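# Structure for this input, please:
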Amino acid sequence: MSSDAAAAVPRAPAASAAPRRIKELEVMVADVIVETPDTATLVFFTGNDRLDYAAGHFLTIDPHQFAALERFTAFLEDLKGRREPPRAYSMSSAPHERYLAVTVKEERYLSGATKYPPLLSPLLVKRTTRGMRLVVTGFTGPYTLAPDITARTNHVVHVCAGSGSVPNFSMLKFALAEHPALRHTLVYSNKGWGDVIFRDELASLAARHPDRLTVIHTLTRETDASVFGPNVRAGRIGLPLLREAIPEPDACCVYVCGPGISHWDVVAAKQAGTTPEPRFLESVVAQLGELGVPSARIKRESYG
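This is a model prediction of the structure:
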């Protein structure tokens, strides 16, 4: 998996997913919205193209199109012995909206922890400007709301960490607009209050739909006690919080998105003769099983 695709998530479509027509689009950056110090939403102008995608889908961006990355891309290809692939980014826009947007989190190189320096996300987050043109390819991915979601449940629970909120934000906006019978609970984990992506937008959605959307934040490293309250908790997501958010485990559908065991975690564990430590995704899925949520009612998406 790409080392710099954290805000949205390189992944292959599931074999059972209906095939979709992949389309290449030339877009212009209409706006760059700074969400947090290391995360930005890129709003694209697409002309008159009809944007046929589902909430939760992603698009891909090829780093080879950027002259500023030419030497770095060539160096990484020599180092790895293979061509650099396109990076995938989940769309934060929803199909009913009149714009296309992706939200990108800048990856950092951590000595001893990161295999390769990130290639594309630093440019997209820090060096993208209005009027810039680029080519994107979309749209695909299995992590989407089921077409018959209203027949399966009336309660959708979203459990996210960090930039794992991006595809779920798209789902929330779309479902609140198009599926009035559904209610939603979002349980969203971050390090600090300043790291919460879409913080104001989520508050606005909850205020506009008080009977249909509950947002619970949980912060693992926040030191400012004033930010905590009924909907902002301290600590990690655990079984007590999930039990509170999911009163009927066998009747809801749960969408989980956040850091999971990566390819490099598996490689490192194999070299050490151990098994990879569970990360956010594996821990939450295990807790959902302990709570009694059937596995068929859990949809998951990982990055890391």
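# The longest strand anywhere in the chain: partners in the sheet, and parallel or antiparallel?
For the chain, the longest strand by residue count, based on DSSP state E, is strand 23-36. Note on strand 23-36: by DSSP bridges, its sheet partners are strand 39-45 (antiparallel), strand 133-140 (antiparallel).
# Strands of the protein, start to end?
Using DSSP E, strands in the chain cover 23-36, 39-45, 58-61, 87-90, 100-105, 133-140, 155-161, 183-190, 213-219, 232-234, 253-259, 298-303.
# list the buried ones in the longest one?
For strand 23-36, the buried set under the neighbour-count rule, 16 or more other C-beta atoms under 10 Å, comprises 23, 25, 27, 29-30, 32, 35-36. Backbone N, C-alpha and C define where each C-beta goes, glycine included.
# Can you convert the strands of the chain into CSV and add a column each for distance to F75?
CSV is the format used below for the strands of the chain (distance: least, C-beta to C-beta, whole Å):
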stretch, distance to F75
strand 23-36, 26
strand 39-45, 25
strand 58-61, 19
strand 87-90, 17
strand 100-105, 22
strand 133-140, 21
strand 155-161, 32
strand 183-190, 33
strand 213-219, 38
strand 232-234, 43
strand 253-259, 27
strand 298-303, 24
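# highest average neighbour count across the ones you listed?
Most buried of the strands of the chain, by mean neighbour count (mean count of other C-beta atoms under 10 Å): strand 87-90, with a mean of 28.
# which residues touch stretch 222-232?
Residues outside stretch 222-232 that contact it (C-beta atoms under 8 Å, 6 or more residues apart in numbering): 191-193, 214-219, 234.
# Could you report the distance from the residue of the chain positioned farthest from its centre to H96?
Centroid-distance maximum for the chain: G273 at 31.1 Å, with C-alpha atoms, centre = their mean. According to C-beta to C-beta, to the nearest Å, G273 stands 51 Å off from H96.
# before we move on, what about R130?
For R130, the distance to H96 - C-beta to C-beta - is 24 Å.
# Next: L205.
14 Å.
# and for these two, which residues touch both?
K173.
# So which of those two has more stuff around it?
Just comparing L205 and H96: by other C-beta atoms under 10 Å the higher neighbour count belongs to L205, 19 against 10.
# residues touching the more buried one, list them.
172-173, 176, 213, 215.
# The residue nearest to R212 when sequence neighbours are not counted pairs with what?
Among residues not flanking R212 along the chain, R183 sits closest, at 4.7 Å (C-beta to C-beta, 6 or more residues apart in numbering). Per DSSP bridges, the residues bridged to R183 are H155.
# can you give me the helices in the protein?
Assignment of helices within the chain using DSSP state H yields the ranges 70-80, 121-126, 149-152, 165-178, 199-208, 239-245, 263-272, 280-291.
# could you measure H155 against Q287, distance?
18 Å.
# Then H209?
Using C-beta to C-beta, we find H209 at a distance of 27 Å from Q287.
# can you check D148 too?
From D148 across to Q287, the span is 27 Å (C-beta to C-beta).
# Domains in this structure, by residue range?
Following automatic domain parsing, the chain resolves into domains at 23-140, 149-303.
# can I get the ones you listed in JSON lines with mean pLDDT?
Converted to JSON lines, these look like this (pLDDT from 0 to 100):
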{"stretch": "domain 23-140", "mean pLDDT": "94"}
{"stretch": "domain 149-303", "mean pLDDT": "95"}
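# sorry, back to before: so of the contacts of L205, which two are at opposite extremes in space?
K173 and V215 (13.1 Å; C-beta to C-beta).
# I figured S165 hits E201, correct?
No. If you go by C-beta atoms under 8 Å, S165 and E201 don't touch, sitting 10.3 Å apart.
# ok, these two, which is more surrounded?
Under the neighbour definition other C-beta under 10 Å, S165 and E201 were set side by side, and S165 has more, 28 against 16.
# surely F139 meets G56?
No. Contact criterion C-beta under 8 Å: F139 and G56 do not qualify, at 9.8 Å.
# Closest to the centroid, which residue in this structure?
Nearest to the chain centroid, counting by C-alpha atoms, centre = their mean: G164, 3.2 Å.
# got a list of what it touches?
Counting by C-beta under 8 Å, 6+ apart, G164 makes contact with 9, 257-259, 280, 301, 303.
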